[in-house]
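Engineer: Structure for the following, please:
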Amino acid sequence: MKTTKESSEYILDNMGDITEFVTFFLQTINSPSCVAFSGEMGSGKTTIIAQILSKMGVENIQGSPTYAIIQSYALPNQLNCYHLDAYRIENDKEAYQIGLEELFEEKAYFFVEWPEKIKEFLPTNTIWLYIREIEHNKRLITF
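Structural biologist: You can find the predicted model right below:
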């Protein structure tokens, strides 16, 4: 792992190393935040988010909310957590109609897949996490 003031880089040698990464990552977001997960289809966004949710104490993880767009969870600390998959959102009007503008005003954790599609709605302090496959099953995560 390489960390600078501006960003951190983390290499997953294989997808089995996710637990170690999640532990490290959660230490960097110790308060409600919005995290935008950017990466190609199949890069591991959903898998990493599921591990984050599990580590945060969510017991019944529903998987990717590709069709529902938003999946909400109550955390053990009574805060809400939202897993969003913006893949199917076509435009800003549709994002506005489903209430994203108001949703992001809540003090909660947000984990967003395909954030590029709703960039205008994301809080200004959103943490951008980029996942890139650099070799077969090896990922470079930058945030």
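
Engineer: Next up, the contacts around N30.
Structural biologist: For N30, the contact set (C-beta atoms under 8 Å, 6 or more residues apart in numbering) is empty. No exception for glycine: its C-beta is placed from N, CA and C like everyone else's.

Engineer: distance of it from F37?
Structural biologist: 19 Å (C-beta to C-beta, to the nearest Å).

Engineer: would you list every one of the strands in this structure?
Structural biologist: Here the chain has its strands, by DSSP state E, at 2-3, 8-12, 34-39, 70-74, 80-85, 109-113, 127-135, 138-142.

Engineer: May I ask you to confirm that F110 is in contact with I49?
Structural biologist: No. Contact criterion C-beta atoms under 8 Å: F110 and I49 do not qualify, at 10.5 Å.

Engineer: Now do the closest residue to T19 other than its chain neighbours against P65, distance only.
Structural biologist: Leaving aside its sequence neighbours, T19 sits nearest to Q51 (C-beta to C-beta, 6 or more residues apart in numbering; 6.4 Å). According to C-beta to C-beta, Q51 stands 16 Å off from P65.
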